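1. my questions concern the predicted model and sequence given below.
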Amino acid sequence: MTNLFWLTDEQMKRLKPFFPKSHGKPRVDDRRVLSGIIFINRNGLRWCDAPREYGPPKTLYNRWKRWSEMGVFARIFEGLASEATDQKTVMIDATYLKAHRTASSLRFEKGGRGRLIGRTKGGMNTKLHAVTDATGRPLKFFMTAGQVSDYTGAAALLSSLPRADWLLADRGYDADWFRHALKDKGITPCIPGRKSRGEPVKYDKRRYRRRNHIEIMFGRLKDWRRVATRYDRCPKVFLSAVALAATVMFWL
């Protein structure tokens with residue numbers, strides 16, 4: 001049992017306010033089940049391979065599926081991330097997550113639409129767009145198919161950006177409409193200009209060096225094998241895996 005993951009009393013205390021109320025028959029022990037769900041997601045195991053200390057695999061899977069569809073894990077992440085106090089500088093970026101054949105199988109006519117998986121040069125992928133604070137802790141996520149432009153994620157996340165003084169992004173986000181939208185929100189963009197621009201864009205190079213924090217965040221997320229490789233067909237369930245990993249690593 002020494003290699004198994006178990007939530008602490010303090011972590012459970014912070015999580016419990018987000019749990020749905022139990023109606024009728026009491027739920028199976030929350031600590032045991034959630035610890036098992038985290039263990040499976042972090043190690044990329046099949047549910048049937050769950051260590052017996054966590055209880056029946058069917059109980060783990062049913063809780064995972066039900067709470068994912070209810071948006072419980074997403075609410076936990078958003079609730080804890082909202083406690084961030086220093087948001088004067090935020091960062092935005094996107095990364096590819098490999099889709100396993102179990103997630104990308106089935107023809108579109110049989111339910112493949114809306115799965116947010118697309119073909120890129122690297123194969124079938126999902127793209128994860130994220131906004132983080134200055135230290136690289138994730139604040140917001142948005143998911144698209146792999147071939148979708150970074151601009152789409154930027155446009156989707158724009159309205160939910162926290163009040164900040166600066167936004168750091170790489171030159172893939174160098175678009176006049178995005179710069180103007182940020183300035184309208186009172187945010188100063190720190191974004192290098194594309195090489196195709198006629199005139200160079202001035203930006204704070206010293207401040208821009210901090211952008212590596214968001215890349216480190218993506219790397220840490222991908223340490224969770226069920227995030228680095230997408231096995232879930234349902235995008236809501238897969239986004240729950242991302243939210244769960246971000247919660248455990250950055251907000252608990």
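-> In hand now; what should we look at? Numbering: from 1, shown residues only.

2. buried set for the worst-scoring helix or strand of the chain on mean pLDDT?
-> The weakest-scoring helix or strand in the chain, judged by mean pLDDT, DSSP states H and E, is helix 101-104 (a mean of 81). Under the neighbour-count criterion of 16 or more other C-beta atoms under 10 Å, helix 101-104 has Ala103, Ser104 buried. For the C-beta atoms, the positions are set from N, CA and C on the backbone; glycine is no exception.

3. quick one: that helix to chain centroid distance?
-> Its chain's average C-alpha position is 19 Å from that of helix 101-104, according to C-alpha atoms, centre = their mean, to the nearest Å.

4. over to stretch 88-105?
-> Taking C-alpha atoms, centre = their mean, the mean C-alpha location of stretch 88-105 is offset from the chain mean by 8 Å.

5. could you pull out the strands in this structure for me?
-> Taking DSSP state E as the criterion, the chain carries its strands at 89-99, 118-120, 123-133, 138-145, 166-168, 188-190, 229-230.

6. give me the low-pLDDT residue ranges for this protein?
-> Counting by pLDDT under 70, the chain contains low-confidence ranges at 1-2, 85, 105-113.

7. okay, now the domains of it?
-> Listed by automatic domain parsing, the domain ranges of the chain are 9-70, 85-233.

8. nearest to Phe250, of these?
-> Closest to Phe250 of those is domain 85-233 (C-beta to C-beta; 4.5 Å).

9. gap between the closest one and the chain center?
-> Its chain's average C-alpha position is 10 Å from that of domain 85-233, according to C-alpha atoms, centre = their mean.

10. again, but for stretch 49-66
-> Using C-alpha atoms, centre = their mean, the mean C-alpha position of stretch 49-66 is found 22 Å from that of the whole chain.

11. what residues of that stretch count as buried?
-> Ala50, Pro51, Tyr54, Gly55, Pro57, Thr59, Leu60, Tyr61, Arg63, Trp64.

12. thought the third one was touching Leu34?
-> Meaning Tyr54. No - look at Tyr54 against Leu34 with C-beta atoms under 8 Å: they stay out of range, at 9.4 Å.

13. end to end on stretch 178-191, go ahead and measure it.
-> Stretch 178-191 has its terminal residues 10 Å apart, counting by C-alpha to C-alpha, to the nearest Å.

14. please apply the same query to stretch 82-100.
-> One end of stretch 82-100 to the other measures 32 Å (C-alpha to C-alpha).

15. same check on stretch 64-77?
-> By C-alpha to C-alpha, the extent of stretch 64-77 from end to end equals 15 Å.
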